[in-house]
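# Pasting a predicted model and its sequence here:
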Amino acid sequence: MPRRSDISRILLIGSGPIVIGQAAEFDYSGTQAARVLMQEGYEVVLVNSNPATIMTDPDVATTTYVEPLLPGPVERIIDRERPDALLATLGGQTALNLAKSLHESGVLAQYGVELIGANYEAIERGEDRDLFRETMLAAGLRVPRSAIAHTLEEARTAVAEIGLPVIIRPAFTLGGAGGGVLREIRELETVIGRGLDASPISQILIDESVLGWGEFELEVMRDRTDNVVIVCSIENLDPMGVHTGDSVCVAPQQTLSDHLYQQLRDQAIQVIRAIGVETGGSNVQFAVNPATEEIIVIEMNPRVSRSSALASKATGFPIAKIAARLAVGYTLQEITNDITRATPASFEPAIDYCVVKWPRFAFEKFPGAEQGLTTHMKSVGEAMAIGRTFKQAFAKALRSRELDSDPQFPADATELLRCAAQPGPERFDHVLEALRRGHGVEELHGLTSIDPWFLREMASIAADPESPFSGERTFKSVDTCAAEFAASTPYYYSAWERPRAVGRNGQPVAVHEVERGSRASVVILGSGPNRIGQGIEFDYCCVHAAQTVRESGRDAVMINCNPETVSTDYDTSDRLYFEPLTLEDVLGVCEVERPEGVVVQFGGQTPLKLAAGLRDAGIPILGTTTDAIDLAEDRARFGPLLDRLGYKAPPYASASTPDEAIARAPTVGFPLLVRPSYVLGGRAMEIVYDVDGLRNYLERVGVIGAAGVNGKSPTIYLDRFLEDSVEVDVDALCDGDDVWISGIMQHVEEAGIHSGDSACVLPPHSLGEEMLDEIRAQAAGIAKALGVVGLLNVQFAVHAGEGLHVIEANPRASRTVPFVSKAIGLPVAKLACRIMLGEKLADMGLPSEVATGHVCVKEAVLPFDRFAGTDVLLGPEMRSTGEVMGIARDFPTAFAKAQAAAGARLPSSGTAFLTVADRDKSAATGIAIQLHDLGFKLLATRGTAKALARMGIPAQTINKLSEGSPHVVEAIGRGEVDLVINTPVGTGARSDGYEIRAAAVAHRIPCITTMSGGIAAARAIAAAAHGEPDVVSLQELYAESAQAP
Amino acid sequence: MTRDAYVLLEDGARFDGLACAADEHAVGEIVFTTSMSGYQEAMTDPSYAGQLITFTYPQIGNYGVSDGAMESGRIHARAAIMRAAVDYADAPSATQGWLSWLTDHGVPAITDLDTRALVRHIRDQGAMRGGVFPESVSEAEAGALIDAEPAMIGRDLAGEVSPPAPVGVGGTQSGAVATGGGGASVGTGGDRIRIAMIDTGVKLSILRQLSERGADVTLYPCTYGPDQLLADNPDAIFLANGPGDPAALEYIVETVRELVGKKPVYGICLGHQLLCRAVGLETYKLPFGHHGANHPVKDLATGKTEITSQNHGFAVLGPSGAKTIEGDEPVRWETDFGAAELSHINLYDRTVEGLTLLDVHGGTVQYHPEAGPGPHDSLYLFDRFIEEIRSGR
Ligand SMILES: Nc1ncnc2c1ncn2[C@@H]1O[C@H](COP(=O)(O)OP(=O)(O)O)[C@@H](O)[C@H]1O
Ligand SMILES: Nc1ncnc2c1ncn2[C@@H]1O[C@H](COP(=O)(O)OP(=O)(O)O)[C@@H](O)[C@H]1O
Ligand SMILES: [Mg+2]
Ligand SMILES: [Mg+2]
């Protein structure tokens, strides 16, 4: 049966901003889907609020909308575009939920849009906990017994029925706060009590516990004609209790006998049939008790998921691509496996290697947060490693993590074993250390329930970390069929093998499978596991680099170890090496590739760290030289350079000891911005207002191992903190002679809020032409002085009194490149790559200044709801995981769109609560007046209320938490507050401000913590009063700008 | 105490590794299986008699060995060739470690060998004779041993694995019941049907599946003639799986020719090839055979694709003598017993996977619906067979 011809236009929904649990993997799946549907001759209408995605590149779909993923805007898009079908199974939970509500509100029916992939009923059965349980039980499958309780009594009866131990999951709490395991009846009151208290609606879910059982996932595909295949099995090394996203995983499963595995396979097939997913991929999770061979179904996702991205990269079977084809009517047999090109997709991959996935955490960014791993996902990224054996894969995964500092191990044995037993970010490092110190497999199995097979393999790694790498490095290919057929897709991994002799007394030669061809190649280094400060934006740039290299007639060679990305799609480059980004591994690839050059500018800090080593090994670095990079990053060299140019920079000093720092502080002048030398995403950066504050900081961070590399305290930098300054980001291109400014972004929040966390506007909304010229001039001056060939990002602070200051210059792709590219409609990273390959700006015919008839706002998305206990304040420390983009004719509307897209949808009416620091009181009154005029009811704490009263603004006074009930936190809990404006008074953890902000985040109420943010919000609300903003496609915008003079 | 060892092929290619089981050498045909689990089932499958198994999945032995995973009473493969093998016995079901088990049964094995390089060589050059040798055996000696080994073509290995005298499945050569699994209890009485099986090396999984569906099976030596097989008037004849070249088993083919038409005749794997030869069709040797658990096979009756367990080196020629068949049509052969119709086709290489005799009772499949190891997608075939037999009598 060929493709469906009764539909011609398909709406594809993306997954929006990168958040924990929903990352770049959905750009990978969405991009694959869009491309396939276009190839099949359909018109694709694509919507995603995340500009840092390949799928929103204007050439990927027919029409592209960067709009909030909310029913309103999407309905407008449907109204404009009139698609025949909606494909929502490739955009994660976000797309699925959106499709659900569009169905429920009747919009799909009204416009005659058909849900393809999974229909509404299937989505319901998969997503609704109770419906899912019923469906499974009806299919004769076992699920955990569970109940809902609102009182101790209900809980008692439930526990009695279910039997101990049970898992307590409070409803609507931050990152699973208040949840836990109830093991003994005498703990019942405490544990249940805690759970009920934690839940704002005092409701808890009580689950039969299968903690310690093995956790397995199967990736299943089904077509219209009910053919089902299992693409891959995944086994979690962390037993049940740690979210699969936070677990170290191996594919395929290792510990189940064929007899037991086939039962899982049978049940997975039963599940997808029972749920009724008509076509496409699903992910089924099981708990298995190896002793009793009991199997329990945990959940199924009726859509492409994080695990299916992993499964695709692990097997070479492109689940999303095939899911898209199935959705438009093909059957598995009709689709050819594009790796073998000889066999159909209706098979199950056979693999002859092992794959290990390792989560990347960011707890150090959220002081005060509970560090334990639980049933709530907390990792911000992941690395994958392929090895010929489990040991090779495991050891490669260990080095793929790129930890900023080595794990510290307690000297005390009991303490060490406790760290191994309690799931945490460095659990397996502790297990390895325990094995190293001679603790036995049985002992550790008893403590951790980790399968002995894994522990034995780890024990031999612990004994000799190099043992997996004996023999010679060879490169094998990922071919979906264990070499049974000749593969034609160049997807490689390094494998260490014994030298092999060919023929009688032949020479030993290791077997390489790389087919290098004769064309020159360029190696592009990816950015490794996603982490805060280094996310999908850099993968976006790497993908563009690959495309550019290919267009230039060279072979693009990608090296990366992040399975969530588009860069590790074997279609993206001519040859993909799935390898850790360490110098040794990269040199290994260069040995076989003999590249014309290596691109280190696009992968963030990761490749930059390797640049010097590569140069020393004689590998040509394309573009900006390593010395220029060093010149920009070494403050001792960069400072003098700025002086020479006559540009201002904040006064600064560096110190190697705390005492030295305290001694030097006065010469720099307070307030100070303090940070240790190696900084990624503003790690451990703080603003201190006096010597005591500095001393306190140094105690917490400077000397105490916390932020130190292996306990050694790093150099401490002191910068004069420029208060009340406007921060500006500039992205520019330089070919060594000429400079082209691609974008100037004005931050909404003042300097002091990390550039990655603050909203920004392009073009700047309140900087004069003179200042902009000065900014252009200085950015250009720095670019030339550094000798940049490629991309440069400069951050400025415009101080009210002292004018323009340079904060830092990064001679590499910055986080803002995708945003700028989307805003101006020109592929900045591609242009940079062409320069690195030798082109000159003069010959590229770029417009002197891109005239955009529209305003673009980038807003950051923060993961506070995952980290119970941490303060939700913004600061110089970057903590956002992702970003969204709002596009409109005017700034307020664009800002409103960005807020909505970021999940902090601004209210149009209701009650606004204000409590601000004294220095902000005057600014606050301005905001209050606007809100009052917009008809908001005002609520304020005593001090703020007084200030408002003085200006004659009526505001009801309400208690702070510390002033006792009835207080504001209760009011927020009761849903009586719609908007919170709170600027911090000092940084006293657990302060009133902290409690208020936490409550706001917990109840998904927009919480604005800066005055400039507040002012923008008020303007946005005013703008929104004129009705829902229009939606506009990128293609339309670019057509306009092209016409614009 | 790691001992060097190596694999030598008849074309002289050599692959080095470490000896990890019995301190012996072994020669025979070297084949590879892409199945990712079920190593014990493979080693005890009589169809592997005379062959050395290369496991493409690198981690072998992970869950030890257990009684439930026996496919016959003993190990039939001559050696195991692996990338990484372990001897752990931690798995709750494990009665022993994998390598100790091989060693106890005097079976050599080699590990730390670049199996992927070996497999690619076989894929390109075809399955060939070769052996696993301890370093102590010189390449010259090894070469001589390999040359002395008869080629697989024209090889009668069924005789070696067939029982000396008839056995009721209650106490077969390998004790199907003892090994439980499907719980092949042979309660007589009720409406049970009786099957006479020509035992060319049957897998216990086949017996379990038949017995679970109410069949009492008697296993006969493959040398038995038609009269002996029909002696106590069975409801149907079943041709088992087994090793070797069907062309070398003309005496069985003769027997089967006598039975077709008289009784419903069914065959699996080697049995399929024998039945096809009996009705006048031809078999040929595949370059490197099908061994694995992931081949897609299409059931032309339902249009469904099933993921199958495969283990064969020979195949049946299509109508007009073609090795592969284009299109998914139930094409027909003219046989000595009337028309035969293609029932199953392999979607990987489009070879014949099964056919139905239209004018007499009978049907066969090339692959292994009984799994063991492998997916359960094809178990329905046993229902089909049994149903036909019941309705046929
Ligand atoms: N009954 C249970 N007992 C023990 N652990 C559980 C149980 N149910 C879920 N978990 C753990 O919680 C994790 C998340 O649960 P899951 O239902 O998969 O939610 P999500 O939709 O976030 O993936 C699982 O990966 C598993 O490790
Ligand atoms: N001297 C300063 N005055 C005011 N704010 C500053 C100053 N230096 C840095 N910042 C703030 O700290 C943030 C992070 O500093 P930056 O040097 O950009 O570190 P990173 O390398 O993490 O980007 C900046 O985005 C800016 O908001
Ligand atoms: Mg889950
Ligand atoms: Mg910065």
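Structure's in. What do you need? Ligands and ions are numbered 1, 2, ... in the order given.
# Next secondary structure element downstream of the host helix or strand of residue B:142?
Per DSSP states H and E, residue B:142 falls inside helix B:139-148. For helix B:139-148, the succeeding helix or strand toward the C-terminus, using DSSP H and E, is helix B:158-161.
# helix, strand or coil for the residue of the stretch 251-393 of chain B found nearest ligand 4?
With Cβ to the ion as the measure, residue B:294 is the residue of the stretch 251-393 of chain B nearest to ligand 4, at 49.8 Å. The C-beta positions use only the backbone N, C-alpha and C, and glycine is treated the same way. Secondary structure, DSSP: H, G, I helix; E, B strand; the rest coil: residue B:294 is strand.
# Enumerate every residue touching the closest residue to it other than its chain neighbours.
Of all residues not flanking residue B:294 in the chain, residue A:348 sits nearest, at 4.2 Å (Cβ to Cβ, 6 or more residues apart in numbering or on different chains). Applying Cβ atoms under 8 Å, 6 or more residues apart in numbering or on different chains, we find residue A:348 in contact with A:229-231, B:293-294, B:307, B:375.
# can you tell me which of these are up against ligand 2?
Contacts with ligand 2 within the contacts of residue A:348, as defined by Cβ under 6 Å from any ligand atom: none are present.
# which residues of the stretch 51-200 of chain B score low on pLDDT?
Along the stretch 51-200 of chain B, the model assigns pLDDT under 70 to residues B:170-190.
# Helices of that one, residue ranges please.
Ranges of helices within the stretch 51-200 of chain B are B:98-104, B:115-125, B:139-148, B:158-161, based on DSSP state H, counting those that start in this stretch.
# Could you export those to a markdown table, including columns for distance to residue A:732 and mean neighbour count?
As requested, the helices of the stretch 51-200 of chain B are arranged in a markdown table below (distance: least, Cβ to Cβ, whole Å; neighbours: other Cβ atoms under 10 Å in any protein chain shown):
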| stretch | distance to residue A:732 | mean neighbour count |
| --- | --- | --- |
| helix B:98-104 | 62 | 21 |
| helix B:115-125 | 48 | 21 |
| helix B:139-148 | 66 | 14 |
| helix B:158-161 | 77 | 22 |
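# Make TSV from those and add distance to residue A:617 to it.
Shown next, in TSV, are those (distance: least, Cβ to Cβ, whole Å):
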stretch	distance to residue A:617
helix B:98-104	42
helix B:115-125	28
helix B:139-148	39
helix B:158-161	59
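# follow-up on the earlier one: the helix holding residue B:142 near chain A anywhere?
Yes. Applying Cβ under 8 Å from any Cβ of the partner chain, one finds helix B:139-148 touching chain A at B:139, B:143.
# What are the contacting residues of that helix?
Outside helix B:139-148, the residues that reach it (Cβ under 8 Å, 6+ apart) are A:504-505, B:6, B:8-10, B:12, B:14, B:25, B:27, B:129-131, B:133, B:137.
# Just give me the residue closest to the centre of chain B.
Nearest to the mean C-alpha position of chain B, by Cα atoms, centre = their mean, lies residue B:47 at 3.6 Å.
# Does that one belong to a helix, a strand or coil?
Under three-state DSSP, residue B:47 comes out as helix.
# For it, give me the pLDDT.
pLDDT, the model's per-residue confidence, is 96 for residue B:47.
# Residue A:337 too?
86.
# what's the spacing between it and ligand 4?
According to Cβ to the ion, to the nearest Å, residue A:337 and ligand 4 sit 45 Å apart.
# count of neighbours near that residue?
As a burial measure, residue A:337 scores 25 neighbours (other Cβ atoms under 10 Å in any protein chain shown).
# Setting aside sequence neighbours, what's the nearest residue to it?
residue A:343 is the one closest to residue A:337 (Cβ to Cβ, 6+ apart), at 4.9 Å.
# Can you tell me how far that neighbour is from residue A:487?
10 Å (Cβ to Cβ, to the nearest Å).
# Which parts of the stretch 151-300 of chain B are strands?
Ranges of strands within the stretch 151-300 of chain B are B:167-168, B:193-198, B:215-220, B:236-239, B:265-268, B:283-299, based on DSSP state E, counting those that start in this stretch.
# picking that back up, out of the helices of the stretch 51-200 of chain B, which gets nearest to ligand 4?
Nearest of those (Cβ to the ion): helix B:115-125, 45.9 Å.
# Could you export that closest one as CSV, keeping only the C-alpha atoms?
Coordinates of each C-alpha in helix B:115-125 appear next as CSV, following Å, rounded to 0.1, in the frame of the first residue of the first chain:
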residue,chain,number,x,y,z
THR,B,115,34.3,-12.1,15.5
ARG,B,116,33.1,-9.3,13.3
ALA,B,117,36.2,-9.6,11.1
LEU,B,118,35.6,-13.3,10.9
VAL,B,119,31.9,-12.9,10.1
ARG,B,120,32.6,-10.4,7.4
HIS,B,121,35.1,-12.8,5.9
ILE,B,122,32.6,-15.6,5.9
ARG,B,123,29.9,-13.3,4.6
ASP,B,124,32.1,-12.4,1.6
GLN,B,125,33.8,-15.8,1.0
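# wait, does that helix contact chain A?
Yes. Legend: contact between helix B:115-125 and chain A by Cβ under 8 Å from any Cβ is shown at B:115-117, B:119-120, B:123.
# residue contacts, the residue nearest to the centre of chain B?
Residue B:47 neighbours (Cβ under 8 Å, 6+ apart): B:76, B:201, B:203, B:241-243, B:269-270, B:311-312.
# Looking at the stretch 1-150 of chain B, what residue ends up closest to ligand 1?
Going by Cβ to the nearest ligand atom, ligand 1 is nearest to residue B:92 of the stretch 1-150 of chain B, at 19.7 Å.
# Pass me the low-pLDDT residue ranges in the stretch 901-1045 of chain A, would you?
In the stretch 901-1045 of chain A, residues with pLDDT under 70: A:985-991, A:1043-1045.
# try it again with 80
For the stretch 901-1045 of chain A, the stretches with pLDDT under 80 are A:984-995, A:998, A:1001-1004, A:1041-1045.
# ok, which stretches of it are helices?
A:921-933, A:942-950, A:968-973, A:992-1002, A:1011-1024, A:1034-1043.
# now those in a markdown table, with distance to residue A:563 and mean neighbour count?
Formatted as a markdown table, these follow (distance: least, Cβ to Cβ, whole Å; neighbours: other Cβ under 10 Å):
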| stretch | distance to residue A:563 | mean neighbour count |
| --- | --- | --- |
| helix A:921-933 | 45 | 19 |
| helix A:942-950 | 49 | 18 |
| helix A:968-973 | 39 | 20 |
| helix A:992-1002 | 30 | 22 |
| helix A:1011-1024 | 36 | 22 |
| helix A:1034-1043 | 28 | 15 |
